[in-house]
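Participant: need the 3D shape of this:
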Amino acid sequence: MKITHFLFCMYVLQHTTCQQGRLRFSQYLDRNGDVLLSWDLNSSTDEITIELVVNTTGWIGFGLSKNGAMNGADIVIGGVKNNSTYFSDAHGIGQMQPEVDKIQNYNLLSMTEDNTCTCMRVRRKLQTCDSNDVDITADTIKVIYAFGSNDVVSYHGNRRGAKSVIFLQNQIQSLSSNNEILFFDLKIQNFSVLPRETVYGCLFVDLLNVTQKHHIYKIEPIIQPGNEDIVHHLVLYGCSNASVTRKPQGDCTYSDYTSLICAHVITAWAYGGEAFIFPENTGISIGTNRDFKVAVLEVHYNNPHLKSGIKDSSGIRFYYTPELRKYDVGVLAVGPTVYPTFFIPPKMKSFKMYGICKTEKFVELNQNKVGDMIIFASLPHTHLTGRAVKCALYRNGSQIGFLSRDDNYDFSFQATRFFTPYITLKMGDQIVTECTYNTMDRKNVTFSGMGTMDEMCIGFFYYYPKNSVSSCSSFYDSDYIARAVGYNGTELQSVYPWANSVEWDEWKGNKVENATKEGIHSVYIIAENGVALDYGKVVQIDDRIVSTCKNTSSDGVTTEQNRTVSSPNYGIFWAPLFSLFNHLGISLVLSLVAIPQIF
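Facilitator: Sure thing, here's the model as predicted:
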């Protein structure tokens, strides 16, 4: 009965629209399929249209929140009662009832109801310059929702939830025109997950053997039912030598299973991500002499409750076509290296770690046959203490924008983000990766490593046309860092004993952070045909700009204010994003009274 209800709800929600024209992007906010959020972007007006469809005939509402809490959330509530609509733009104030905004920046496009569902469609500016609204940027945003069983707007009970969403994306849903859909699966085979917090399973796999070139155009995770909460990420590494010595499937948590021969990322998926489709002119090439024939599938399991007896056969499904695209896709990984180790002191509210990538050696590694790299998507990755990930782009010594940026990173929602428009990486450009961590809940030093309680700082970038470089990361001199904090002993051979012996405080933590920026980094570049070493320093990231906001109240009075705002970059450079937004003059549908607490 539950399955029938679920399928019925999915059908109803997918075929219910507030007005003509379906929106391009959609995501269920709940596991039962009762709450569907859809949206679309208008780049010419910097506006977003959002639609909420809920399996109820009562009131419905959603909010934009940075942390999933009601306090500070940007909330809209509405419904249909006695053939009349009601709607309001409000904001959360702690555990108090939401307060209606003085300026209504959401324009209600439609509010409809049938015997099963209630549907609300609204439109607003990406940036409203209203302190009661949440700017819609490239950051991960927690969408909170709630609804009632009737039109008495009151406490929701358990009819509520939250889910992370990236609104600013441009994934083109283009499929092969073939009537026959071709795909192949690469999965780990009935792997026994040991009762440890962190377990890695690895398996050598053969890529599909086709007699002529094909393109992979869609990648979809296959997570074994029941294991959704323990499969942390999947990575497929290509092997540059098909004659590599293969190892049997096994636990690779503490072994060098892949080595440099199999260190080239073909694709990656992480917890919270979904299937994604490449732009229609690109695809991963298979079937030629230059393509990978052998790969290693790596599955990371997060098993904090030390469950035993777990078997897993998760993996990745690849959709492919003989209809060739214009460009082959490659993946570039950037950030600080996991080994040699970086570390994060405990009790740090905000600690930044840096990695740099210099592209001059790309030309040498590609035998001078490399041009511009067109980057169209990214997948940022840290572990539990990560709070923000930025990858800034520099050309001729000056920062020209960001390759990617998320100031509200969510470990449980690591989705691939598609850019609008694409970004050009030229040879000679430099990338600075900055990850921000919060270790206030930790008593001991956090080291970089493969475990979930360890940390990483990686930006994966999908680009075309593919070249031989797969990784460009850096590491600092640990001895230099230690001496910046007061160490005066012999040269450190390992950072672990020294870092664990220090009585850390905020001052020492800040000294470590500054030293990672001021010291020389060794840049390590891995390509299919070799490696290269370079050196460089972290360049200061400039991510704030003063912008003038114009607010137009419902009585038509326009006021201006200056404020310092974070760049809302979502894969494009700054200039187009800081247009001055006029607020929409929207009359209030509800009287300006406090709404009962509903979220």
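
Participant: from now on I want contacts and neighbour counts done on CA atoms only, so please keep to that.
Facilitator: Fine.

Participant: residues in contact with Thr341?
Facilitator: The neighbourhood of Thr341, defined by CA atoms under 8 Å, 6 or more residues apart in numbering, consists of 447-449, 475, 495.

Participant: need those residues in CSV (columns: neighbour count and pLDDT).
Facilitator: Shown next, in CSV, are these (neighbours: other CA atoms under 10 Å; pLDDT from 0 to 100):
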residue, neighbour count, pLDDT
Phe447, 21, 94
Ser448, 23, 93
Gly449, 18, 87
Phe475, 23, 93
Val495, 18, 89
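
Participant: which other helices and strands contact the helix or strand where Gly401 lies?
Facilitator: Counting by DSSP states H and E, the element that carries Gly401 is strand 398-406. The helices and strands touching strand 398-406, judged by 3 or more CA pairs under 8 Å, 6 or more residues apart in numbering; DSSP states H and E, are strand 386-395.

Participant: give me the angle between the strand it packs on and strand 398-406.
Facilitator: On the basis of axes from the mean of the first three to the mean of the last three CA atoms, to 10 degrees, strand 386-395 is oriented at 150 degrees to strand 398-406.

Participant: quick one: strands adjacent to strand 386-395?
Facilitator: strand 398-406 (antiparallel), strand 430-437 (antiparallel) (DSSP bridges).

Participant: wasn't Thr341 part of a helix?
Facilitator: No: counting by DSSP: H, G, I helix; E, B strand; the rest coil, Thr341 is not found in a helix; it is coil.

Participant: how near is it to Val495?
Facilitator: 8 Å (CA to CA, to the nearest Å).

Participant: and what of Ala333?
Facilitator: Distance from Ala333 to Val495, counting by CA to CA: 24 Å.

Participant: same thing with Val523?
Facilitator: From Val523 across to Val495, the span is 19 Å (CA to CA).

Participant: kindly report the same for Phe167.
Facilitator: For Phe167, the distance to Val495 - CA to CA - is 41 Å.

Participant: returning to that earlier point: between the contacts of Thr341, which is closest to Ala138?
Facilitator: Distances from Ala138 to those, taken as CA to CA, are shortest for Ser448 (26.1 Å).

Participant: contact partners for the closest one?
Facilitator: 338-339, 341-343, 454-456.

Participant: of the residues you listed, which is the most crowded?
Facilitator: In terms of neighbours by other CA atoms under 10 Å, the contacts of Ser448 top out with Met456 at 27 neighbours.

Participant: doesn't Gly449 make contact with it?
Facilitator: Yes: with contact defined as CA atoms under 8 Å, Met456 reaches Gly449; the gap is 6.7 Å.

Participant: point out where the chain drops to low pLDDT.
Facilitator: 1-21, 169-180, 256-259, 544-599 (pLDDT under 70).

Participant: hmm, 50 instead?
Facilitator: For the chain, the stretches flagged by pLDDT under 50 are 1-12, 15-20, 172-179, 545-548, 552-559, 563-599.

Participant: distance of the residue sitting furthest away from the middle of it relative to Ser149?
Facilitator: Distance from the C-alpha centroid of the chain, by CA atoms, centre = their mean, peaks at Asn82 (42.4 Å). Noted for Asn82: a distance of 15 Å to Ser149, by CA to CA.

Participant: circling back: is it possible to export the contacts of Thr341 to CSV including secondary structure and distance to Ser412?
Facilitator: Below are these laid out as CSV (DSSP: H, G, I helix; E, B strand; the rest coil; distance: CA to CA, whole Å):
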residue, secondary structure, distance to Ser412
Phe447, strand, 20
Ser448, strand, 19
Gly449, coil, 18
Phe475, strand, 27
Val495, helix, 30
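
Participant: ok, so of these, who is nearest Ile423?
Facilitator: Phe475 (25.8 Å).

Participant: quick one, what contacts the closest one?
Facilitator: Phe475 neighbours (CA under 8 Å, 6+ apart): 336-337, 340-342, 355, 521-523.
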